[in-house]
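Participant: Pasting the sequence and the predicted coordinates here, then a few questions.
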Amino acid sequence: MFRVQVTNAFKGDSSGFLIQFGDRQRDQPILPGTVLTHYYEVPGRYYAVLRYKDLPVDTVAIYLKTQGWTATAWSYLDTTRVYPLEAPAFGPTGMTAHPQQLFRAGIDTLHTFLVDYINTQEYDITGDDFELTSRLTTSPPRPGIRCSQVIITLYGEKSRHEMLLLKPGCVSWAHLMFSEKRIDGRREDLSPVGTDLTSGGKVHLEIKDKHAYLRVNDQPLYDIAYEQPIGKLYGVRISFAGIGSVQYISLRKPDGSVVFEDGVQ
């Protein structure tokens, strides 16, 4: 529940307030005398922003913790529903969803769909000095899935890091986000980030004192510094378009000590 109280000293237009909830749902205007409720359908750490006439005036974090990994499917064509899947586990082919499981959950696999694997907990590590290593395989071509995208998100205390990786030729849809810095492939050249992971590969993100270094299969792809610390890490999300799989993932401190590890290295 969100409550906004405007004092009598406020001289502006009270109808100019709205809330951005930080998920895929539309912004909500705030009407005098009303209380807004909002349901977050997928675990994670969200940053709801109160805006007044397009200016951010306050932010609050909403944290939905998991017990291990969760898997949720959703479709761009069906923005009103999400489809929880059976609790995933690392099997011989990694952590993955199967077509029969998606069909039973209600997903139309003939259209574009995504599967989110989320593990949220309070990690003993800062998001401004750490290493992420993941071995994963993106979806082969299928109906509605041509660019075989994967989105890796790391939820911080105050903000997040996010990397949308796609095949070469699809990078106009790619984006990178490290705290307040966002690089959008529609406006900037992200051709170095184009990478095909349909046969598998290793994604490595190293952040040293608020400077991010992204590598895939040990090849440097991008590096950038940012200014606003995101603070302690609170979770990781790996989202595939289509059916992808995660074989291994780890979070390490700068000294190499393991904070979180799952799968087979």
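Facilitator: Arrived safely.

Participant: got a list of what the closest residue to residue 248 other than its chain neighbours touches?
Facilitator: Of all residues not flanking residue 248 in the chain, residue 263 sits nearest, at 3.7 Å (CB to CB, 6 or more residues apart in numbering). Every C-beta, even on glycine, is put in place using the N, C-alpha and C of the backbone. The neighbours of residue 263, taking CB atoms under 8 Å, 6 or more residues apart in numbering as the test, are 90, 94, 95, 135, 246, 247, 248, 249.

Participant: Over to residue 75?
Facilitator: Here residue 75 is in contact with 107, 108, 111, 112, 113, 114 (criterion: CB under 8 Å, 6+ apart).

Participant: how about the residues you listed in JSON lines, adding neighbour count?
Facilitator: As requested, the contacts of residue 75 are exported to JSON lines (neighbours: other CB atoms under 10 Å):
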{"residue": "107", "neighbour count": "23"}
{"residue": "108", "neighbour count": "14"}
{"residue": "111", "neighbour count": "13"}
{"residue": "112", "neighbour count": "16"}
{"residue": "113", "neighbour count": "26"}
{"residue": "114", "neighbour count": "20"}
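
Participant: which of those residues lies closest to residue 45?
Facilitator: residue 114 (18.8 Å; CB to CB).

Participant: Quick check: the gap between residue 209 and residue 93.
Facilitator: As judged by CB to CB, to the nearest Å, residue 209 and residue 93 stand 37 Å apart.

Participant: surely residue 253 meets residue 259?
Facilitator: Yes: Residue 253 lies in contact with residue 259 (CB atoms under 8 Å); the separation is 6.2 Å.

Participant: shared neighbours of the two, anything?
Facilitator: 125, 130.

Participant: Let me know the secondary structure of the residue nearest the centre of the chain.
Facilitator: Most central in the chain under CA atoms, centre = their mean is residue 153, positioned 3.4 Å from the mean C-alpha point. Following DSSP: H, G, I helix; E, B strand; the rest coil, residue 153 is assigned to strand.

Participant: That one touches residue 160, doesn't it?
Facilitator: Yes: counting by CB under 8 Å, residue 153 does reach residue 160; the two are 5.9 Å apart.

Participant: Contacts only, for residue 181.
Facilitator: Here residue 181 is in contact with 224, 225, 226 (CB under 8 Å, 6+ apart).

Participant: hmm, I was thinking of residue 122
Facilitator: Here residue 122 is in contact with 232, 234 (CB under 8 Å, 6+ apart).

Participant: Mind doing that once more with 6 Å?
Facilitator: Residues near residue 122 by CB atoms under 6 Å, 6 or more residues apart in numbering: residue 234.
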